[in-house]
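# Let's see this in three dimensions:
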Amino acid sequence: MSLQKKLVMAFVGLIILPLLVLGTISYEYISNRTALGYSEATELTLRALLLSVDQVFNDMNNVTDSTIASRAIQEALNNLQSTELDQINYLELNAIQRNFRELLVNHPSVSYAFMYTLQQQNVHKLFSKASFAPLTFEQFIELPIYQEVIKRDGLPLWIGPYEHTELTGNDQVFTLARVVKDIDTLDNKGILLVQIRNSDLEAIFRYFRYKQEFTKYMIVNADGLIMYDSNGLLEQRQLGELMSELEVNAGERNASLRTDFQGVDSIVSVTAFDNYEGWRLIAVTPWSVIAGEIRWIAVAVSSLIGLCMLLACVFIIYFARRITMAIIDSVKVMREVELGNLQARVEVRGNDEIGLLTRGTNRLIYRLEQLITELQEQHERKRAAEMTALQAQIKPHFLFNTLESINILAIQNQGKKVSQMVSKLGNILRISIQQQEEITIEQELAHVRSYLDIQKYRFEELFDYEIVVSDALQHELTLKLSLQPLVENCIQHGFEGIEYLGLIRIAVTADEQHIYFRIEDNGLGIPQAQLEKFTYLSEHQVSFDNSPERGERRGIGVRNVADRIRLRYGKPYGLMICSAPNSGTIIQMTIPRRKDGDARETKGDID
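Residues are numbered from 1 along each chain as shown. Got it, this is the predicted structure:
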């Protein structure tokens, strides 16, 4: 079996299969832990929600506690004696109804109330409801719910929506039923039924839906009937139609499981009501929502992949070392290379794959030696260029002179000019201290404008300038601080001692492959000897002459720009200078144009 096949089998056996197995196990474990944690949090939410729902029902229990002992109810039981409608005192009945409403004035959620009198076997409406007519007393006592109310002996019994529609109607309301006793004899005198609106419940569930917007809450009775759905879509349906029935043991009030709910993988949590037998509060959350919150699983999987890759590399190295001594020799030579011995070579053995490997290793070492040598030379040149460029970015005397000019303007109370000069100086400093080597043409021109404006403040009526550039080139990239040294050279040397208004014109043009910056002035020009010296230096070597000339490093800024362009972009790019004494100077800077504005490194090549 060839080495390639063995490596493939090793890769599959040690990387692919373990990753699949470990990934599956990890995912299942993390999913189960997430589901468990979410279930525990949801159960806490359900208990808090249950307390709020119980409070709504308890409030109505308390109201009816005081109501059934009130004079209004007692009078209704004692004074409504007749079963014939034409014998009822309607004025008295209206007064009773009004008194009952006054008792419930602080509970506007009551939507309907009526009362059965046990002795007269009548039904009396206390709050009217046009869409519903209560059962007669004879029909009511035939219902099983009648015996349940009697057995509770005055304690409230809550009837959910759709549980007994013949008694409470088809509206989505909860109904309280309780026996009313005579306050003197404690005999059963009647049965009061009060229906409440769902406004208080809606307010509670709306708050929890806001906290968990993807979770739906339901109240379900002992038969699995959905009496209330926070989304209002599943009411009157059976829970068994939507999922397998979720049972809660008698000793366990809370339970959770992961199952399909309406065909969607979901976490279903349930909490049983304490005071309402068989009622359960259920929360359903799609698993996709919960799984979307798992973030650290990516870290775990990445760690497992890294571990398997490490094991595979160790195996490949161990297996390869045992195949042939040629590989061992290659490893020894590579170790010598790591220690810095670039003269070491591997002995070539045969013309097979191992021979190709050793030859390639030797060529690699040879090329590496060349590249390291070239890199060291280029690094030294680039370091020197960057150091000089850094020193030339903002000269101290320029900064001091600018601050002195600002101080004079401030003494003269020329606040507007002070503000403008400070703004221009701030723009120069902001662009100068940026870390990137390349910026947009728009930023570079903004830097040059700020510099020229400050110089115009300092040297009034010495020069003027104009900048011509198309909008299409504004976002192209250029070398940072490449124009400022060129215009500085125009001001300091081109306009020195002139008796006419100097003019600096900057024009930016481009073709498909290049961008051209043309800086033109009408100054004194450059002497031929100096121009020839600069041309020789720019074509043959990178030179940083720090020797002073009349207190200034005359021309060092221009040469620095030329060297930086060649280091950045290579030999084909740089500066071209045309000048003659008393005829002005034209400097053209050429750089490559990047496709679509993409920044990419271009290796310089300097011999």
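# C-terminal to the lowest-mean-pLDDT helix or strand in the chain, what's the next element?
When the helices and strands of the chain are scored by mean pLDDT, DSSP states H and E, helix 90-103 comes last with a mean of 58. The first helix or strand that comes after helix 90-103 along the chain, using DSSP states H and E, is strand 110-117.
# Quick check: mean pLDDT of that following strand?
Mean pLDDT, computed over strand 110-117, is 78.
# Shouldn't Met576 be within a strand?
Yes. Secondary structure assignment places Met576 in a strand (DSSP: H, G, I helix; E, B strand; the rest coil).
# and it, what are its bridge partners?
When bridges are called by DSSP bridges, Met576 pairs up with Gln588.
# Please, where are all the strands along the stretch 101-250 of the chain?
Under the criterion DSSP state E, counting those that start in this stretch, the stretch 101-250 of the chain contains strands at 110-117, 122-127, 157-159, 174-181, 188-196, 216-220, 226-229.
# Using TSV, lay out these together with distance to Cys308.
C-betas here are computed from N, CA, C, even on glycine. Formatted as TSV, these follow (distance: least, C-beta to C-beta, whole Å):
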stretch	distance to Cys308
strand 110-117	66
strand 122-127	73
strand 157-159	60
strand 174-181	59
strand 188-196	62
strand 216-220	42
strand 226-229	48
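# which stretch among those comes nearest Asp274?
Between Asp274 and the strands of the stretch 101-250 of the chain, the shortest separation by C-beta to C-beta is 12.4 Å, and it involves strand 157-159.
# Please name the strands paired to that closest one in the sheet, noting orientation.
Applying DSSP bridges, you get strand 174-181 (antiparallel) as the partners of strand 157-159.
# Any idea how far apart the tips of stretch 474-488 sit?
Distance across stretch 474-488, first residue to last, is 22 Å (C-alpha to C-alpha, to the nearest Å).
# can you list contacts of that stretch?
389, 392-393, 431-432, 434, 436-442, 444-445, 447-448, 451-452, 465, 504, 506, 510, 515, 517, 519, 557-558, 560-561, 564-565, 568, 587, 589, 591, 593-594, 597, 599 (C-beta atoms under 8 Å, 6 or more residues apart in numbering).
# can you do 7 Å?
With contact meaning C-beta atoms under 7 Å, 6 or more residues apart in numbering, stretch 474-488 is reached by 389, 392-393, 432, 434, 436-442, 444, 447-448, 451-452, 504, 506, 515, 517, 519, 557-558, 560-561, 564-565, 568, 587, 589, 591, 593-594, 597, 599.
# PyMOL command to pick out the buried ones of those?
Here is the PyMOL command that selects only those of the contacts of stretch 474-488 that count as buried (16 or more other C-beta atoms under 10 Å):
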select buried, resi 389+392+393+438+439+440+441+444+447+448+451+452+504+506+515+517+519+557+558+560+561+564+565+568+587+589+591+593
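# Which helix or strand lies directly C-terminal to whichever strand or helix holds Gln370?
Gln370 is part of helix 353-393, with elements assigned from DSSP H and E. Per DSSP H and E, the first helix or strand lying C-terminal to helix 353-393 is helix 396-411.
# Not counting the next helix or strand after that following helix itself, show me its contacts.
For helix 396-411, the succeeding helix or strand toward the C-terminus, using DSSP H and E, is helix 415-432. Outside helix 415-432, the residues within contact range by C-beta under 7 Å, 6+ apart are 393-394, 402, 405-406, 409-410, 439, 443, 446-447, 450-451, 453-454, 457, 481.
# One more: stretch 227-243?
Contacts with stretch 227-243, where a contact means C-beta under 7 Å, 6+ apart, come from 160-163, 172, 201, 205, 209, 216-221, 224-226, 245, 259-262, 268.
# Pull out the buried residues from that stretch.
Judged by neighbour count (16+ other C-beta under 10 Å), stretch 227-243 contains these buried residues: 227-230, 234-235, 237, 239, 242-243.
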